[in-house]
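# Okay, structure incoming, though there's no sequence with it:
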């Protein structure tokens, strides 16, 4: 438009010169032409003003858009920070829940031990009553004689030794508990709670950061007591210990093997959660053949 305006000025000057030159009369056509030129000038001015206004509006829109983008970026960063904080809190709660579940397992084991003791006492009383009814003398001599040849005679009774060890374990007295569980395995390695004692001995090593020894002792639980109630927990903690040692692939294999063996167990849920956090939740699992 400015270029057109510049081109119009020579024509206008020529027309005005003609209009004021001697010998030329101001005709009606000339007046009309001047009117049209003035209208064109006004139109060009209005167009220039409109363009200037539109440019200003566009600048404002651009500035507002930039502000909106900056605010959105700040909001996204805040949301990311909040999500990271929530993820850390969730992981901490999962670990806390895992510890609580382990404590519940320990309490159940202690109750089982007490029930086993009461059941044994009832069996002994029933057997004693049957022996008395049959008129057999020396009732108490048979169990006493059998235990006299047992080296466990030098140790506390199995339930007492196990419960003391479990109590010290739950109290954080790991050195004392480790010694007591070791004594239990030494004297009572064939009892129902021997697998539990082996698990807690390995778990103490895990909690003290001795992961290599923990892996070996968790293996003892899996190999010597495969049908015990601590087999799944031993495999889970073995996987954790391998991860702590930096053996990522071996740890992932162990956790996947646990999920395949005990898919509905609490330990399997914990293993799945750990694999998700490792970014290995899609690992293919091959269930080992039944033994």
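Arrived safely, thanks for sending. Just so it is clear, the structure is predicted and the values come from calculations on it, not from any experiment.
# Which parts of the protein are helices?
Per DSSP state H, the chain carries helices over the ranges 2-20, 28-133, 141-148, 158-170, 174-187, 194-207, 211-224, 231-244, 248-261, 266-278.
# quick check: angle from the fifth one to helix 211-224?
Looking back up the chat, that one is helix 174-187. For helix 174-187 against helix 211-224, the angle by axes from the mean of the first three to the mean of the last three CA atoms, to 10 degrees is 30 degrees.
# Other residues contacting helix 174-187?
Residues outside helix 174-187 that contact it (CB atoms under 8 Å, 6 or more residues apart in numbering) are 151-152, 154-155, 158, 161-162, 164-166, 168-169, 193-194, 197-198, 200-201, 204-205, 207-208. Bear in mind the C-beta positions are built from the backbone N, C-alpha and C, glycine included.
# The same query, at a cut-off of 7 Å, please.
151-152, 155, 158, 161-162, 164-165, 168-169, 194, 197-198, 200-201, 204, 207-208 (CB atoms under 7 Å, 6 or more residues apart in numbering).
# TSV please, covering the helices of the chain and showing mean pLDDT and mean neighbour count.
Formatted as TSV, the helices of the chain follow (pLDDT from 0 to 100; neighbours: other CB atoms under 10 Å):
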stretch	mean pLDDT	mean neighbour count
helix 2-20	53	11
helix 28-133	76	12
helix 141-148	42	10
helix 158-170	94	19
helix 174-187	95	18
helix 194-207	96	24
helix 211-224	96	19
helix 231-244	96	24
helix 248-261	95	19
helix 266-278	94	18
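# what's near enough to touch residue 124?
Residue 124 neighbours (CB under 7 Å, 6+ apart): none.
# Equivalent analysis for residue 202, please.
Residue 202 makes contact with 214, 217-218, 221, 234, according to CB under 7 Å, 6+ apart.
# Test my guess that residue 244 contacts residue 211.
Yes: in this structure residue 244 lies within contact range of residue 211 using CB atoms under 7 Å: 4.8 Å.
# what about residue 123, distance to residue 61?
Separation of residue 123 from residue 61 (CB to CB, to the nearest Å) stands at 90 Å.
# same deal with residue 28?
Residue 28 sits 49 Å away from residue 61 when distances are taken as CB to CB.
# next one: residue 180
Applying CB to CB, the value for residue 180 to residue 61 is 77 Å.
# Now do the contacts for the nearest residue to residue 222 once chain neighbours are set aside.
Distances taken as CB to CB, 6 or more residues apart in numbering put residue 234 closest to residue 222, at 5.6 Å, once the chain neighbours are dropped. If you count contacts by CB under 7 Å, 6+ apart, residue 234 has them with 199, 202, 218, 221-222.
# So for stretch 218-230, first residue to last residue, what's the gap.
In stretch 218-230, first residue to last residue: 10 Å (CA to CA, to the nearest Å).
# Which residues does it contact?
194-196, 198-199, 202, 231, 234-235, 237-238, 241.
# contacting residues around the nearest residue to residue 250 once chain neighbours are set aside?
Excluding its sequence neighbours, the residue lying closest to residue 250 (CB to CB, 6+ apart) is residue 242, at 4.7 Å. If you count contacts by CB under 7 Å, 6+ apart, residue 242 has them with 215, 250-251, 254.
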